[in-house]
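Enquirer: the following block contains a protein sequence and its predicted model.
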Amino acid sequence: MEENNTKTIEESFEQLEEIISKLESSDVSLDESFALYKSGMDELKKANDKIEQTKKAVMAISKDGSLQVFEEE
């Protein structure tokens, strides 16, 4: 599972696109659809977590030139 932690956001979105394509295929059984859906939701959560981590890590330069952590307003 280490591999999932090192995926880029783009790689996660590529995997999600593959899952969606498979789900849209007419030759997928109901059981396969459920498994793909679960896999897609897991991948979406990982991508969202990665986005949140990245967002928290963004640094902004304040008026006095010091670095501060970006915060939502």
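Expert: Thanks, I have it.
Enquirer: what helices or strands is the top helix by length along the chain leaning on?
Expert: Secondary structure of the chain per DSSP state H: the longest helix is helix 30-57. Applying 3 or more CB pairs under 8 Å, 6 or more residues apart in numbering; DSSP states H and E, one finds that helix 30-57 contacts helix 9-24. Heads up, the C-betas are built off the backbone N, CA and C, glycines and all.
Enquirer: alpha carbons only: can I get the helix it packs on in PDB?
Expert: The C-alpha trace of helix 9-24 is given here as PDB (Å, rounded to 0.1, in the frame of the first residue of the first chain):
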ATOM      1  CA  ILE A   9      -2.700  13.800  -7.700                       C
ATOM      2  CA  GLU A  10      -2.500  13.400 -11.500                       C
ATOM      3  CA  GLU A  11      -1.900   9.700 -11.200                       C
ATOM      4  CA  SER A  12      -4.900   9.400  -8.900                       C
ATOM      5  CA  PHE A  13      -7.100  11.200 -11.400                       C
ATOM      6  CA  GLU A  14      -5.800   9.000 -14.200                       C
ATOM      7  CA  GLN A  15      -6.800   5.900 -12.200                       C
ATOM      8  CA  LEU A  16     -10.200   7.500 -11.500                       C
ATOM      9  CA  GLU A  17     -10.700   8.100 -15.200                       C
ATOM     10  CA  GLU A  18      -9.900   4.400 -15.900                       C
ATOM     11  CA  ILE A  19     -12.400   3.300 -13.300                       C
ATOM     12  CA  ILE A  20     -15.100   5.500 -14.700                       C
ATOM     13  CA  SER A  21     -14.400   4.200 -18.200                       C
ATOM     14  CA  LYS A  22     -14.800   0.600 -16.900                       C
ATOM     15  CA  LEU A  23     -18.000   1.500 -15.100                       C
ATOM     16  CA  GLU A  24     -19.400   3.000 -18.200                       C
END
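Enquirer: and the contacts of it?
Expert: 7, 28, 32-33, 36-37, 39-40, 43-44, 46-47, 50-51, 54 (CB atoms under 8 Å, 6 or more residues apart in numbering).
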